[in-house]
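> with the input below, show me the fold.
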Amino acid sequence: MRKPTTLKDVAGALGMHKSTVSLALSGKGTISAETRKRVSQVAKELGYEPNVLAQRLAGGVETTTVSILSGVLDVGLATEKILLIQQELSAHGFEVPLYTWHSHSASKENSERQAAQVRNLCRQRPRAIVCAVQRLPNAILQELDAYQARGGVVISYDIEVPYEWDQIVFDREDNAYRAAKYLLEAGHRKLGLGMSHLREPVSPTDPQAHRLQGFQRALAEYDVPFRPEWLFHTSTYERGGVELAKQFLVLRDRPTALAVVNDYMAMALMNELTQAGVRLPDDLSLIGHDNQPIATYCPVPLTTLTQPTEKIAQAVVAQLWKRLEERELPPQRISIESELVERQSVTRPKEN
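Down below sits the predicted model:
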């Protein structure tokens, strides 16, 4: 990667002292209009970008901007968490712009372009960067880590990442583990898992990898074999539920219980299976995730595990205040766990 052009490079190209170039670009000092124009033109030709971070530090200026980065925007809880964080920070006088990217743009070219955008954002020296790390490429995470190393503040949430900054982690592995364990404790030994497609190569910020690990851990504890044919990869939300139903119905040997990664998918699955003559929970027990309002109104009220969005957002904001007040504290990792909500979609199997 080419090194960024510095003020020294511009001064060298012009044959001027660095302080003269700095004054000309800042609009300060008794620099003639002609010199300012010449300096500005050469700086542009060389691709020089002012270091806003250094300017603010030198001037003692502290911005009121807290930027949010997200690899996912959806109709569900990812967006809800962002809105809760924005609402809380805005109430305290902060500007809270959101930067997001299409979650499936995983090519090297797109990752590098996104990383360059984040690099530019970091140069603007926001008061802090709050990062929803789910499905963000490594190139962006590395830019954020470099930003913190230069004195910036980074607070991430959702997925744990291998960086030394403050993290609010929603434990999806534990979430999937508890769902599978609940079905196992109900007597099921033929368990399936419905989830979105795993990204290739497998990314540490992909929540599906964490869910699969938790599901398999519960099976191993009960000496129940993992059946790859009962791992259903689908799209997200309602469309994913319809796809899952099609995959399920063509099986000769079917699981007696399914864990599904979100309640909208579970509801669509339930509707499709009911129309096909599958009785829930008698023929198939079903457990969802997130405890969305729709879970109560499914044809069979859905047993599910919560994803406590308010608790996550509150933890993010609380840790941000703590970090801004005490910069020297070691990085904090705060884990947020789900809770089980029992309804009527799970029963004991007719036979093991």
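> which residues of the stretch 101-250 of the chain fall in strands?
Listed from the start of the chain, the stretch 101-250 of the chain has strands (DSSP state E, counting those that start in this stretch) covering 128-132, 154-158, 166-170, 191-196, 231-234.
> and those as TSV, adding mean neighbour count and mean pLDDT?
Any C-beta I mention is one placed from the backbone N, CA and C, and that applies to glycine too. Written out in TSV, the entries for those read as follows (neighbours: other CB atoms under 10 Å; pLDDT from 0 to 100):
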stretch	mean neighbour count	mean pLDDT
strand 128-132	25	95
strand 154-158	26	95
strand 166-170	24	96
strand 191-196	24	95
strand 231-234	19	95
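> ok, which of the ones you listed comes nearest Leu258?
Shortest separation from Leu258 across the strands of the stretch 101-250 of the chain is recorded for strand 191-196, at 4.7 Å, computed as CB to CB.
> run through the residues that contact Val278.
Contacts here follow CB atoms under 8 Å, 6 or more residues apart in numbering; on that basis Val278 touches Leu249, Leu284.
> low-confidence stretches in the chain?
Segments of the chain classed as low confidence (criterion: pLDDT under 70) are 1-4, 28-29, 50-62, 102-107, 200-202, 351-352.
> domains of it?
Structural domains of the chain, as assigned by automatic domain parsing, span the residue ranges 7-50, 66-170+309-336, 172-306.
> for the ones you listed, give me a markdown table that also has distance to Arg343.
Compiled in a markdown table, the domains of the chain are given as follows (distance: least, CB to CB, whole Å):
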| stretch | distance to Arg343 |
| --- | --- |
| domain 7-50 | 55 |
| domain 66-170+309-336 | 19 |
| domain 172-306 | 4 |
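> mind checking those for the one nearest to Glu342?
Taking CB to CB as the measure, the domains of the chain were each checked against Glu342, and domain 172-306 came out nearest at 5.3 Å.
> need the distance between the two termini of that closest one.
Terminal residues of domain 172-306 lie 11 Å apart, using CA to CA, to the nearest Å.
> try stretch 194-204
From the first residue to the last, stretch 194-204 extends over 19 Å; the measure is CA to CA.
> for Pro331, give me its contacts.
Contacts of Pro331 were listed using CB under 8 Å, 6+ apart, and they are Glu164, Trp165, Asp166, Gln167.
> that's a strand at it, yeah?
No: using DSSP: H, G, I helix; E, B strand; the rest coil, the assignment for Pro331 is coil, not a strand.
> nearest residue to it in space, please, no chain neighbours.
Leaving aside its chain neighbours, Pro331 sits nearest to Glu164 (4.9 Å; criterion: CB to CB, 6 or more residues apart in numbering).
> tell me if Ser345 really is in a strand.
No: when the secondary structure is assigned by three-state DSSP, Ser345 falls in coil instead of a strand.
> ok, it touching Pro299?
No: between Ser345 and Pro299 there is no contact under CB atoms under 8 Å: 9.3 Å.
> shared neighbours, those two?
Common contacts of Ser345 and Pro299 (CB under 8 Å, 6+ apart): Met270, Leu280.
> and Lys322, helix, strand or coil?
When the structure is reduced to helix, strand and coil (three-state DSSP), Lys322 reads as helix.
> one step back: the residue nearest to Pro331 and Gly241, how far apart?
For Glu164, the distance to Gly241 (CB to CB, to the nearest Å) stands at 39 Å.
> the more surrounded of those two?
When neighbours are counted by other CB atoms under 10 Å, Gly241 comes out ahead of the other of Glu164 and Gly241, with 25 against 12.
> not counting its neighbours along the chain, what's nearest that one?
In space, not counting the residues next to it along the chain, Gly241 is nearest to Ala268; the distance is 2.8 Å by CB to CB, 6+ apart.
> doesn't the one you found lie inside a helix?
Yes: under three-state DSSP, Ala268 sits within a helix.
> who touches it in this structure?
Tyr237, Glu238, Arg239, Gly240, Gly241, Val242, Ala245.
> what subset of these is buried?
Burial by neighbour count, 16 or more other CB atoms under 10 Å: within the contacts of Ala268 this picks out Tyr237, Glu238, Gly240, Gly241, Val242, Ala245.
> confirm for me that the fifth one is in contact with Glu272.
Going back to what we said before, that points to Val242. Yes: Val242 lies in contact with Glu272 (CB under 8 Å); the separation is 5.7 Å.
> from Glu238, how far off is the residue sitting nearest the centre point of the chain?
Closest residue to the average C-alpha location of the chain: Gln134 at 2.4 Å, with CA atoms, centre = their mean. Taken as CB to CB, the spacing of Gln134 relative to Glu238 amounts to 20 Å.
> likewise for Met267?
If you measure Met267 against Glu238 using CB to CB, the figure is 7 Å.
> what does Ser90 give?
Ser90 sits at a distance of 32 Å from Glu238 (criterion: CB to CB).
> ok, back up a step: Lys350: which of the domains of the chain is closest?
With distances scored as CB to CB, the stretch of the domains of the chain nearest to Lys350 is domain 172-306 (7.1 Å).
> give me the subset of the contacts of Ala268 that lies in helices.
Here DSSP state H is the test, and the contacts of Ala268 give Tyr237, Glu238, Arg239, Gly240, Gly241, Val242, Ala245 as lying in helices.
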